[in-house]
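J.: One predicted model, sequence on top.
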Amino acid sequence: LLHSLCVFQMDTTPESYLDLFPLDAIVYLTPDSENVLEDIDPDKVYVLGGLVDESIHKQLTLRRAQEQSLRTARLPIREYMVKAPNSRNYHSETLAINQVFDVLSTYYETRSWPAALRAGVSSGKGYVLPDTAEQ
């Protein structure tokens, strides 16, 4: 079987994304958004609203995006996954930046949210795809 190879280029710059792209092209990804990311638009710039912190700060990335008048979206975890029973009763839609990147890159390649979420959402988050909920 041949697999397609995705190559991603990353540039770093001291400039803000607000200075580099038009506001209407930016979609700030935050787990607190009411808007569900349904598809990836190649004409948009997706900002991964991340924090380098072990604790979860509810609404912080959403507030940051709102202060900057940016459109927001969240990954469709609730739409495609179910809460798995676990001893801690722990369920979180907050992912690390690398997990969000894995979800987005897998979705871009496969156009399948279940495949993308399987690739990026670890079972430790308390969510599983419905076909694995009984296992």
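T.: Thanks, I have the structure now.
J.: for this protein, which helix is longest?
T.: helix 97-110 (DSSP state H).
J.: Okay, buried residues for the helix or strand following that helix please.
T.: Per DSSP states H and E, helix 97-110 leads on to helix 113-120 as the next helix or strand towards the C-terminus. Neighbour counts using 16 or more other C-beta atoms under 10 Å place W113, A116, L117, R118, A119, G120 of helix 113-120 among the buried residues. Where C-beta positions appear, they are placed from N, C-alpha and C, glycine not excepted.
J.: so the longest helix of the chain versus helix 113-120, what angle?
T.: Orientation note: helix 97-110 sits at an angle of 150 degrees relative to helix 113-120 (axes from the mean of the first three to the mean of the last three C-alpha atoms, to 10 degrees).
J.: Mean confidence (pLDDT) on helix 97-110, please.
T.: The pLDDT scores in helix 97-110 average 93.
J.: Show me what that helix is packed up against.
T.: strand 45-48, helix 113-120 (3 or more C-beta pairs under 8 Å, 6 or more residues apart in numbering; DSSP states H and E).
J.: After the longest one, heading C-terminal, what element do we hit next?
T.: Secondary structure here is assigned by DSSP H and E; on that basis, the next helix or strand after helix 113-120 toward the C-terminus is strand 127-128.
J.: who's in contact with that next one?
T.: I77, M81, V82, K83, A84, H91, E93, L117, V121 (C-beta atoms under 8 Å, 6 or more residues apart in numbering).
J.: Once you drop chain neighbours, what's closest to L70?
T.: Residue nearest to L70 in three dimensions, not counting chain neighbours: Y28, with 4.5 Å by C-beta to C-beta, 6 or more residues apart in numbering.
J.: Now do the strand or helix carrying the one you found: which elements does it pack against?
T.: Assignment of secondary structure by DSSP H and E places Y28 within strand 26-29. Other helices and strands packing on strand 26-29, by 3+ C-beta pairs under 8 Å, 6+ apart, are strand 45-48, helix 60-67, strand 71-73.
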